[in-house]
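Undergrad: Build me a model from this:
(chains A and B)
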Amino acid sequence: MAKKQKKFRPKARLPRGFVDRIGDDIRATDEMIGKIREVYERYGFDPIETPMFEYTDALGKFLPDSDRPNEGVFSLTDDDDQWMSLRYDLTAPLARHVAESYQHLNLPYRTYRAGYVFRNEKPGPGRFRQFMQFDADTVGAPGVQADAEMCMMMADTMEALGIRRGDYVIRVNNRKVLDGVLEAIGLAGDSHAAQRLTVLRAIDKLDKFGIDGVSELLGKGRMDESGDFTKGAGLDTDGVARVIGYISGSEKLANDGQRELDTMAAIFKACEYGDERIKIDPSCVRGLEYYTGPVFEAELLFDVTNEKGQTVQFGSVGGGGRYDGLVQRFMGQPVPATGFSIGVSRLMTALKNLGKLESGRLLAPVVVCVMDRDVESLGRYQNMVQQLRNAGIRAEMFQGNPKNFGKQLQYADRRNCPVAIIQGADERQAGEVQIKDLFEGKQISENITSRQEWTETRAAQISVPEADLVSEVKKVLSRYENGES
RNA sequence: GCAGUUGUAGCUCAGUUGGUUAGAGCGCCGGAUUGUGGCUCCGGAGGUCGGUGGUUCAAAUCCACCCAACUGUACCA
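TA: Predicted structure coming up:
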């Protein structure tokens, strides 16, 4: 049987882990970035931008395996066979930039940047393979006062975005303190490296699993919902108790890290950033690899309802810390640096939840309908549009098939346009145009039941002299300008 | 990677113990109505039933393998 020959039809679908962004989202993001930028500028940071691609070795990743070249990052080979990758964060490219232009820089070098980063890994709810980060860094500042400034700037940023004090907290810890704890439970030395990592990862999951879950992970292991088992760090009962004691704050150590934390706490106090804004928190772990000193994390504390209707805390929207070794990779000489990163997309979701993004909604354009389709009329309609535009009003001529007038109003209705302009032969002869208030018309029409009444009512429509087009449209728009509809 | 669940129209899904031409709602297009958004009515387009192989007179349905998505978990520079 010869099958009917079919044309190849590609399935229209997004690559997994990527999203299309549309109108209101883009506007809201722009607005949000503007607010963040204002704070950073006020703190004396300057913008800088690096490209999305870097040579793979510059990102701190070893050359890709030939069989799995894209593990974790998106990589490709250049014309000259060098491996390049899409950046997976904004810190590694900054380190490269600093190392490359070191002799021209005036240290301390204070910069910020926003941009997309890419991770080639399994996406999940709220986790994408392309997402936006907004970073600020100070390079060439060795003291923890630079770290303290980062924490305060993060707090200010949260508030500039409209997040109330108490709805967020900046949690601060120090890698050196964590190292001390590991030493105290007998995990010092190379032979325990793997176990140390497991312990740190277990601590990092306090948010997710609570004290009980973390205890299981520190000990024998934990069973997840699907029944899969995660092997634990294998600490004995005493070890588990001591780690738990430490992360809950009941046990303290005296070491360098703790002294740095004390200095930072003193700065916060002097600047009147209390516990409700910035909090020393021994369970804060973050970035397990390159951080060398203070680490910090911005966390949102208010509850949100997730897709399953469960109430959960929103959690982390950004973090950072000190990375004194990152520039050294390129230069051999140590260059102290500290910075933090805000997850813009995640923060957007949070602000939506708080209802902080609805206010500045833009009104849809005025639509000038096309009644007569001769060349002269088309010019006339377009001229009306230009008059409106010149007066600063968003406007457009209907660009679809003008054959059916009903379609034009349907289009305007679905776009949520406030006003339609109508001029056919009759109006033209009288030197008038019809201005239809679509919002009001919608309300009036709710009580109309018969088709005939519907078409003949011409609800919320007024006829005005052509010369008054702009001023009359403005009158109608003024009723809706502040985001009502 | 590991584990669980699920794959039928653009979307949400139904499809009986295997049985004729695979259905519905929504959406889309056209018409009633080429000058008025909604409602209503009529008509239409749209399907590799995730893929391949097998069992059978006969497979969306049963079997095997593969693929993909979702969820959890692990990893995450």
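
Undergrad: Which residue would be the closest one in the stretch 1-150 of chain A to RNA strand B?
TA: Relative to RNA strand B, the nearest point of the stretch 1-150 of chain A is A:Gly72 (3.0 Å; CB to the nearest atom of the strand). Any C-beta I mention is one placed from the backbone N, CA and C, and that applies to glycine too.

Undergrad: Tell me how many other residues surround the closest residue to A:Glu260 other than its chain neighbours.
TA: In space, and not counting its chain neighbours, A:Glu260 is closest to A:Val144: 4.8 Å by CB to CB, 6 or more residues apart in numbering. Using other CB atoms under 10 Å, A:Val144 has 21 other residues around it.

Undergrad: In contact with A:Val144, which residues?
TA: The neighbours of A:Val144, taking CB atoms under 8 Å, 6 or more residues apart in numbering as the test, are A:260, A:263-264, A:293-294, A:322.

Undergrad: what's the farthest-apart pair in these?
TA: Spanning the widest gap among the contacts of A:Val144 are A:Thr263 and A:Arg322, at 13.0 Å by CB to CB.

Undergrad: Tell me which of the two has more neighbours.
TA: Each of A:Thr263 and A:Arg322 has its neighbours counted (other CB under 10 Å); A:Arg322 has more, 28 against 16.

Undergrad: May I have the phi/psi pair for A:Val327?
TA: phi -70, psi -30 (degrees, to the nearest 10).

Undergrad: And what about the closest residue to it other than its chain neighbours, helix, strand or coil?
TA: Leaving aside its chain neighbours, A:Val327 sits nearest to A:Val335 (3.8 Å; criterion: CB to CB, 6+ apart). Following DSSP: H, G, I helix; E, B strand; the rest coil, the label given to A:Val335 is coil.

Undergrad: didn't A:Val335 look like it was pressed against A:Arg329?
TA: No: taking contacts as CB atoms under 8 Å, A:Val335 lies outside contact range of A:Arg329: 9.8 Å.

Undergrad: Which neighbours do those two have in common?
TA: A:Ala99.

Undergrad: between those two, which one's more packed in?
TA: A:Val335 (23 against 16).

Undergrad: what about the more buried one, distance to A:Glu49?
TA: In this view, A:Val335 and A:Glu49 are 21 Å apart by CB to CB, to the nearest Å.

Undergrad: A:Ser215 sits in which helix or strand?
TA: helix A:206-218 (DSSP states H and E).

Undergrad: near RNA strand B, which residues of the stretch 1-150 of chain A show up?
TA: Contact residues (CB under 7 Å from any atom of the strand) of the stretch 1-150 of chain A with RNA strand B: A:16, A:60-61, A:72-73, A:88-89, A:92, A:119-125.

Undergrad: Just give me the least confident of those residues.
TA: Of all those, A:Lys61 carries the smallest pLDDT score, 65.

Undergrad: rewinding a little: tell me what the residue of the stretch 1-150 of chain A closest to RNA strand B is bridged to.
TA: A:Asn120 (DSSP bridges).

Undergrad: That one against A:Asp89, yeah?
TA: No: at 11.6 Å, A:Gly72 does not count as touching A:Asp89 under the criterion of CB under 8 Å.

Undergrad: Which other helices and strands does the longest helix seen in chain A contact?
TA: The residue-count maximum for a helix in chain A (DSSP state H) belongs to helix A:23-42. Counting contacts by 3 or more CB pairs under 8 Å, 6 or more residues apart in numbering; DSSP states H and E, helix A:23-42 packs against strand A:109-118, strand A:130-139, helix A:144-160, helix A:344-354.

Undergrad: 10 Å instead?
TA: If contacts are counted by 3 or more CB pairs under 10 Å, 6 or more residues apart in numbering; DSSP states H and E, helix A:23-42 sits against strand A:46-47, strand A:109-118, strand A:130-139, helix A:144-160, strand A:337-343, helix A:344-354.

Undergrad: Redo the ones you listed as CSV? Include distance to A:Glu276 and mean pLDDT.
TA: Output for those, formatted as CSV (distance: least, CB to CB, whole Å; pLDDT from 0 to 100):
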stretch, distance to A:Glu276, mean pLDDT
strand A:46-47, 31, 96
strand A:109-118, 26, 95
strand A:130-139, 23, 94
helix A:144-160, 10, 96
strand A:337-343, 19, 94
helix A:344-354, 17, 83
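
Undergrad: Deepest in the core, which of the ones you listed is it.
TA: For the helices and strands packed on helix A:23-42, average neighbour numbers computed from mean count of other CB atoms under 10 Å are highest in strand A:337-343, which has a mean of 25.

Undergrad: Please name the strands paired to it in the sheet, noting orientation.
TA: Under the criterion DSSP bridges, strand A:337-343 sits next to strand A:130-139 (antiparallel), strand A:311-322 (antiparallel) in its sheet.

Undergrad: any chance of those in a markdown table, plus distance to A:Arg389?
TA: Shown next, in a markdown table, are those (distance: least, CB to CB, whole Å):
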| stretch | distance to A:Arg389 |
| --- | --- |
| strand A:130-139 | 32 |
| strand A:311-322 | 39 |
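
Undergrad: closest to A:Ala254 out of the ones you listed?
TA: Short answer: strand A:311-322, nearest of the strands paired with strand A:337-343 by CB to CB, at 20.3 Å.

Undergrad: Show me what the very next helix or strand once past that closest one is packed up against.
TA: Tracing the chain C-terminally past strand A:311-322 and defining elements by DSSP H and E, one meets helix A:328-331 next. In terms of contacts (3+ CB pairs under 10 Å, 6+ apart), helix A:328-331 is packed against helix A:91-100.

Undergrad: Do a quick rundown of the strands in the stretch 151-300 of chain A.
TA: A:168-174, A:221-223, A:229-231, A:278-280, A:294-305 (DSSP state E, counting those that start in this stretch).

Undergrad: Can you confirm whether the last one lies near RNA strand B?
TA: Right, strand A:294-305. No: using CB under 7 Å from any atom of the strand, strand A:294-305 stays clear of RNA strand B, with a minimum separation of 11.6 Å.

Undergrad: list residues touching both of A:Gly72 and A:Asp89?
TA: Listed as contacting both A:Gly72 and A:Asp89 by CB atoms under 10 Å, 6 or more residues apart in numbering are A:59, A:119.

Undergrad: sorry, back to before: most tightly surrounded among the strands of the stretch 151-300 of chain A?
TA: Using mean count of other CB under 10 Å, strand A:168-174 ranks as the most buried of these, with a mean of 24.
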